[in-house]
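sequence and predicted structure below; questions after.
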Amino acid sequence: MPEIARLATREPDFDTRLGALTALEAAQDESVDRVVAAIVADVRTRGDAALLEYTQRFDRVTATRVADLEIPRADLDRALAGLPADLRTPLGEAAERIRRYHERQRSESWSFTEADGTVLGQKVTALDRVGLYVPGGKAAYPSSVLMNAIPAHVAGVGELVMVVPTPEGVRNPLVLAAAALAGADRVFAIGGAQAIAALAYGTATVPAVDKIVGPGNAYVAAAKRRVFGVVGIDMIAGPSEILVICDGATDPDWIAMDLFSQAEHDEVAHAILLSPTRPSSTAWPQASTGSSRRCRAAT
């Protein structure tokens, strides 16, 4: 079980230890970018053949055609129908709340005519096709499906193409159910930089999109950075970070859940608790279970 690093601002080595814990290795970024550059170029050149090779290498899934990696709509519907009520109900409630919120954000076209007859205005046109990347390796997030697919449909996007890695061929039923609920038009069991390249440039099977959205690991982020300009992207997301400031009187279960909300993403996530009091020995065993090695408390 990973230990939570406890730092105290009154200790002379506080700045040094905090700096070491929050430092990111620049050399690793350069290495990732070199690997991603080769993958993106390969997929752009060889299309489906490269996709099949990378899917076998990284996800250990063998297929003879990329078409075999497309998850049929019937499978999505079965995943949704097969969810127990205690999962299906909150998933549906979340989808409806997301839809209601984003319907209030929708921009509308407008125009007006000046006295000389000049017509001015703003025309809002939805994109034809958007690609959605959904993580599926160390963790799976049905929330990513809902939070990206539903706003796209509310905005009027014509087609939503979703990609999600399925290591060892294991498909997460919650992610598939969320795809059915959110109305993903096509879903491919591919991931990593190769999936981003396929969405950006298109292959014989995977259609090229106008914009790519959704979170991913360092390789996915680097690939999105590389294809930006060919397609639009939402953002370049770095490692997850959260800082919780606690007065010592808050329920430790709530604090732990807030920290876990970001620490669960990967090993380089930063989850920091700042509190004037030292966490008690009775409260924090639960908070350290399964946490990222970057979890730490400062008192």
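That came through, no problem. Numbers count the residues shown, from 1 in each chain.

how close does the spatially closest residue to G92 that is not a sequence neighbour get to I150?
Leaving out its chain neighbours, the residue that sits closest to G92 by Cβ to Cβ, 6 or more residues apart in numbering is L181, at 6.5 Å. From N, CA and C alone the C-beta is placed, and that goes for glycine too. Note on L181: its distance to I150, by Cβ to Cβ, to the nearest Å, is 9 Å.

which neighbours do these two have in common?
With contacts defined as Cβ atoms under 8 Å, 6 or more residues apart in numbering, the residues shared by L181 and I150 are A95.

contacting residues for G156?
Neighbours of G156 in contact, by Cβ under 8 Å, 6+ apart: A126.

buried stuff in stretch 50-58?
Buried residues in stretch 50-58, counted by 16 or more other Cβ atoms under 10 Å: A50, L51, L52, Y54, T55, F58.

tell me the mean pLDDT for that stretch?
Stretch 50-58 shows a mean pLDDT of 96.

repeat for stretch 65-75
Rounded mean pLDDT across stretch 65-75 is 96.

quick check: Q122 touching F112?
No. Q122 is beyond contact range of F112, at 10.2 Å (criterion: Cβ atoms under 8 Å).

how much space separates Q122 from D116?
Taking Cβ to Cβ, one finds Q122 at 20 Å from D116.

secondary structure class for Y54?
Following DSSP: H, G, I helix; E, B strand; the rest coil, the label given to Y54 is helix.

show me what contacts the closest residue to it other than its chain neighbours?
Leaving aside its sequence neighbours, Y54 sits nearest to Q194 (Cβ to Cβ, 6+ apart; 4.1 Å). Residues counted as contacts of Q194 (Cβ under 8 Å, 6+ apart) are I39, D42, V43, A50, L51, Y54, T55, F58.

helix or strand: which one has Q194?
For Q194, the element it lies in under DSSP states H and E is helix 192-201.

what is the mean pLDDT for that helix?
The average of the pLDDT scores along helix 192-201 is 98.

what about it, distance to the chain center?
With Cα atoms, centre = their mean, to the nearest Å as the basis, helix 192-201 stands 15 Å off its chain's centre.

low pLDDT regions in the protein?
Low-confidence segments of the chain, defined by pLDDT under 70, span residues 1-3, 24-28, 137, 266, 278-299.

now do the helices in it.
All helices of the chain, identified by DSSP state H, fall at 14-22, 26-46, 48-59, 73-81, 85-103, 142-155, 173-182, 192-201, 218-227, 252-263, 284-288.

domain ranges for this protein, per the record?
With domains defined by automatic domain parsing, the chain comprises 5-24+239-298, 50-103+129-233.

distance to V32 for those - can I get that in JSON lines?
Converted to JSON lines, the domains of the chain look like this (distance: least, Cβ to Cβ, whole Å):
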{"stretch": "domain 5-24+239-298", "distance to V32": "11"}
{"stretch": "domain 50-103+129-233", "distance to V32": "5"}
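
which one of those is the most hemmed in?
A comparison of the domains of the chain by mean neighbour count, using mean count of other Cβ atoms under 10 Å, puts domain 50-103+129-233 on top with a mean of 19.

how much space between the residue nearest to Y54 and L127?
Note on Q194: its distance to L127, by Cβ to Cβ, is 23 Å.

what's the answer for P84, then?
Taking Cβ to Cβ, one finds P84 at 36 Å from L127.

repeat for A5
According to Cβ to Cβ, A5 stands 44 Å off from L127.

ok, Q105 next?
For Q105, the distance to L127 - Cβ to Cβ - is 16 Å.

look at the two and report which has more neighbours.
Neighbours per residue, other Cβ atoms under 10 Å: of Q105 and L127, the larger number sits with L127, 17 against 9.

quick check: which of the domains of the chain is nearest to D33?
domain 50-103+129-233 (5.2 Å; Cβ to Cβ).

give me the distance between the two termini of that closest one.
One end of domain 50-103+129-233 sits 23 Å from the other (Cα to Cα, to the nearest Å).

give me the neighbour count for V43.
Using other Cβ under 10 Å, V43 has 28 neighbouring residues.

distance check, it against A249.
Note on V43: its distance to A249, by Cβ to Cβ, is 53 Å.

wait, what's in contact with D75?
Contact analysis of D75 by Cβ under 8 Å, 6+ apart lists R171, L176.

could you redo the last one with a cut-off of 10 Å?
Shown in contact with D75 (Cβ atoms under 10 Å, 6 or more residues apart in numbering): R171, P173, L176, A179, A180, V187.

could you find the closest non-adjacent residue to the second one?
Counting by Cβ to Cβ, 6+ apart, P173 lies nearest to A79, which is 4.5 Å off, once chain neighbours are set aside.

contacts only, for the one you found.
By Cβ under 10 Å, 6+ apart, the residues touching A79 are I71, R171, N172, P173, L174, V175, L176, A177, A178, A179, A180, L181.
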